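K.L.:
after the sequence you'll find the predicted model.
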Amino acid sequence: KEEDILGVVAGLNADPSVNGIIVQLPLPAHVNATRVTNSVDDAKDVDGLKPNNIGCTALNGQSPNFVACTPLGCLEMLK
């Protein structure tokens, strides 16, 4: 259930031993993916899917908490 997933995310957000959270998409059709991804704390948003992290990534001079791993990996491979 969506509420169960949100509860797990809330627990991970509150756990100081957890540095980052990845929401594996796509989620089942009955789960609101936007609601789940938006429930991840900005500081633990590994995929950079939260609006604040997307904005920081897009703006010059701003640093997101995490850089999305797939695009970063692609850039590293191109070097």
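P.N.:
Yep, it's here.

K.L.:
and the next element down the chain from the least confident helix or strand in the chain by mean pLDDT?
P.N.:
One helix or strand of the chain scores below all others by mean pLDDT, DSSP states H and E: helix 51-58, with a mean of 66. Proceeding N to C from helix 51-58, the next assigned helix or strand is helix 69-78, under DSSP states H and E.

K.L.:
so which residues make contact with that following helix?
P.N.:
For helix 69-78, contacts defined as Cβ atoms under 8 Å, 6 or more residues apart in numbering pick out 46-47. All C-beta spots, glycine's among them, are computed from the backbone N, C-alpha and C.

K.L.:
tell me which other helices or strands the top helix by length along the chain touches.
P.N.:
Ranked by residue count, the top helix of the chain under DSSP state H comes out as helix 2-14. Judged by 3 or more Cβ pairs under 8 Å, 6 or more residues apart in numbering; DSSP states H and E, helix 2-14 is in contact with helix 33-38.

K.L.:
buried set for the helix it packs on?
P.N.:
Buried residues in helix 33-38, counted by 16 or more other Cβ atoms under 10 Å: 33, 36-37.

K.L.:
for the residues you listed, give me TSV that also has distance to residue 20.
P.N.:
TSV is the format used below for the buried residues of helix 33-38 (distance: Cβ to Cβ, whole Å):
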residue	distance to residue 20
33	18
36	15
37	13
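
K.L.:
on the three-state scheme, residue 24 is what?
P.N.:
Following DSSP: H, G, I helix; E, B strand; the rest coil, the label given to residue 24 is coil.

K.L.:
I'd like to know how many residues surround it.
P.N.:
6 (other Cβ atoms under 10 Å).

K.L.:
follow-up on the earlier one: mind listing residues that contact the longest helix of the chain?
P.N.:
So helix 2-14 is contacted by 18, 21, 23, 27, 30-32, 35-36, 39-41, 44 (Cβ under 8 Å, 6+ apart).

K.L.:
swap in 6 Å and give it another go.
P.N.:
18, 21, 31, 36, 39-41 (Cβ atoms under 6 Å, 6 or more residues apart in numbering).

K.L.:
take those and keep only those in helices.
P.N.:
Per DSSP H, the subset of these in helices is residue 36.
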